[in-house]
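1. structure for this input, please:
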Amino acid sequence: MCDPNAPRLRPARPDEAGFVLALEETTMRAVALALWGEWRPRPPGALDLAACRIIESAGQPVGVVEWHRRPDALRIAKLYIRPESQRCGLGGWVLAQAAAQAQGLPIRLSVLTTNPALEFYRRHGFVVETSTPERHHLIRR
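-> Reported below is the predicted structural model:
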């Protein structure tokens, strides 16, 4: 499930809400437990599936990204990749796609302070702009 040579993004289908929510739990549960001591799953109705793009590798869904282009920045709301498909270049490829969508605008996102993904984003040129006890707010210009 780790083929960074042929990834693609496609719009999420209405029947993929379960995949997105399960992937969110798989990738974020431990991070949430470390920060808050509990996992609170997102209600299915709170998911903006129309804004989600499924990341496919070798023809299989392996992740999801959600971004929103605003006048002042491209905001990445989520980027989740199955653990078995991590560390093979897919996340960097997705960030390159986001940069193309940003069309020169900065890219903004936030990570929970307990999320080890902070180092991934730093390696890809993001810097911490502000922090709270719960989140680091990052930007890549």
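2. got a list of what residue 32 touches?
-> Neighbouring residues of residue 32 by Cβ atoms under 8 Å, 6 or more residues apart in numbering: 38, 39, 40, 112. Backbone N, C-alpha and C define where each C-beta goes, glycine included.
3. out of those, flag the one nearest to residue 87.
-> Of all the contacts of residue 32, the one sitting nearest residue 87 is residue 112; the distance, using Cβ to Cβ, is 19.7 Å.
4. next, the closest one: phi, psi?
-> Note on residue 112: backbone dihedrals following degrees, to the nearest 10 are phi -70, psi 150.
5. what about the protein, any weak spots by pLDDT?
-> Applying pLDDT under 70 to the chain picks out residues 1-5.
6. sheet partners, orientation included, of the longest strand anywhere in it?
-> The longest strand of the chain (DSSP state E) is strand 60-69. Strand 60-69 sits in its sheet next to strand 52-57 (antiparallel), strand 74-81 (antiparallel), going by DSSP bridges.
7. re the thing from before, any of the contacts of residue 32 buried? List them.
-> residue 112 (16 or more other Cβ atoms under 10 Å).
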